[in-house]
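J.: Pasting the sequence and the predicted coordinates here, then a few questions.
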Amino acid sequence: MCGTLDLFKAYLDAKQREFGTAQERIAAAERTHLSLSSMKGNFVEIGYGESALIKYPDKRFVLAKAIDYDLLISIYDVNSFSLFALRATRQIDMRKTLYEFLKKLRNPNLEIRAIGMQNLKEGYGNDLLINIEQAYTVLKPKAKLVEVDLFGNETRHIAIDAKTGASVDVLLYDRFYKPGELNTQTSLEQFKNITAQAKA
C-alpha cells in the first residue's frame, strides 16, 4: 500500500477544530469533472440507503446523484478493481457487510473515501461520522482513508471509478454548474422524512 497516504489522522485532527461549519476536504489530489453522457450508461446508481458492489470492467462507475445530508462511503480494492459503495443516512452497523466484502478479495489493498453531508446542526450528523470511523477500524490494516469531503451547503453529484478508485464530480447536464445552482434545496426536516424508511 505504499505510495498512498493514510489521511485518517488528518481527519481526526480536523475534528478537533471548528469541524462541520464549512466544507472540509482532505485529499491528495483535486477531483476531476465528468459529464453524465460520457459515462454511457456504464454505471450503477444508488440512492438514499442503497449500496452497490461492482468490479471493473463489468461496470465502470457507481453513481450517487444529489448527495445532501447523507454520506457516501466507498471502499475500493486496488488489486482487484472491486468497489463497494454505500449511501448512509444514519449510523449503521457495517461490520457484517464489510467482512463479507473482504472475504471476496485476495490480498486486499483498500482505499476508503467519504463524501457528503451538510454543515452540522444540533441533532444531525455526528452519528454519520461514526460510519467513517467504523469502516476504517474494521478494515485496517488493509485499508487507508484517502479522501474526505464533508460539509458545506451544496448538493454533490459523485461517481466512484472502479478502474481507478477515484471520485469524480458528475456534470448531470453535460455542462458546468452555474453559481448557486448546487446550493442544497432540501431542508433537514425534508431529508428526515424522505429517509425515514431508507435501508441505511
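T.: Alright, I've got the coordinates. Numbering: from 1, shown residues only.

J.: List the residues that contact the residue nearest to Lys121 when sequence neighbours are not counted.
T.: In this structure, Lys121 finds its nearest non-sequential neighbour in Leu188, 6.3 Å apart by Cβ to Cβ, 6 or more residues apart in numbering. From N, CA and C alone the C-beta is placed, and that goes for glycine too. Listed by Cβ atoms under 8 Å, 6 or more residues apart in numbering, the contact partners of Leu188 are Tyr69, Gln118, Lys121, Tyr124.

J.: And what about the most centrally placed residue in the chain, helix, strand or coil?
T.: In the chain, the C-alpha nearest the mean C-alpha coordinate belongs to Leu72, at 2.9 Å (Cα atoms, centre = their mean). Here Leu72 is recorded as strand under DSSP: H, G, I helix; E, B strand; the rest coil.

J.: bridging residues for it?
T.: Arg87, Ile115 (DSSP bridges).

J.: For it, give me its contacts.
T.: Contacts of Leu72 by Cβ under 8 Å, 6+ apart are Ala64, Ala85, Leu86, Arg87, Arg113, Ala114, Ile115, Gly116, Arg156, Ile158, Ile160.

J.: Just among those, which is most surrounded?
T.: Ile160 (30 neighbours; other Cβ atoms under 10 Å).

J.: my read is it is in a helix, agree?
T.: No - Ile160 sits outside any helix when classified using three-state DSSP, being strand.

J.: so it touches Asp149, yeah?
T.: No - using Cβ atoms under 8 Å, Ile160 is not in contact with Asp149, being 12.0 Å away.

J.: Common neighbours of those two, please.
T.: Arg113, Ser167.

J.: pLDDT weak spots in this structure?
T.: Within the chain, the segments meeting pLDDT under 70 span 1-3, 199-200.

J.: switch to 80 and redo it
T.: For the chain, the stretches flagged by pLDDT under 80 are 1-4, 197-200.

J.: quick one, helices of it?
T.: 8-15, 95-103, 126-139, 188-194 (DSSP state H).

J.: Looking at those, spot the one closest to Val170.
T.: Of all these, helix 188-194 sits nearest to Val170, with 20.5 Å by Cβ to Cβ.

J.: gap between the closest one and the chain center?
T.: 20 Å (Cα atoms, centre = their mean, to the nearest Å).

J.: Mind listing what's buried along that helix?
T.: The neighbour-count check on helix 188-194 (16 or more other Cβ atoms under 10 Å) flags Leu188, Phe191, Ile194 as buried.
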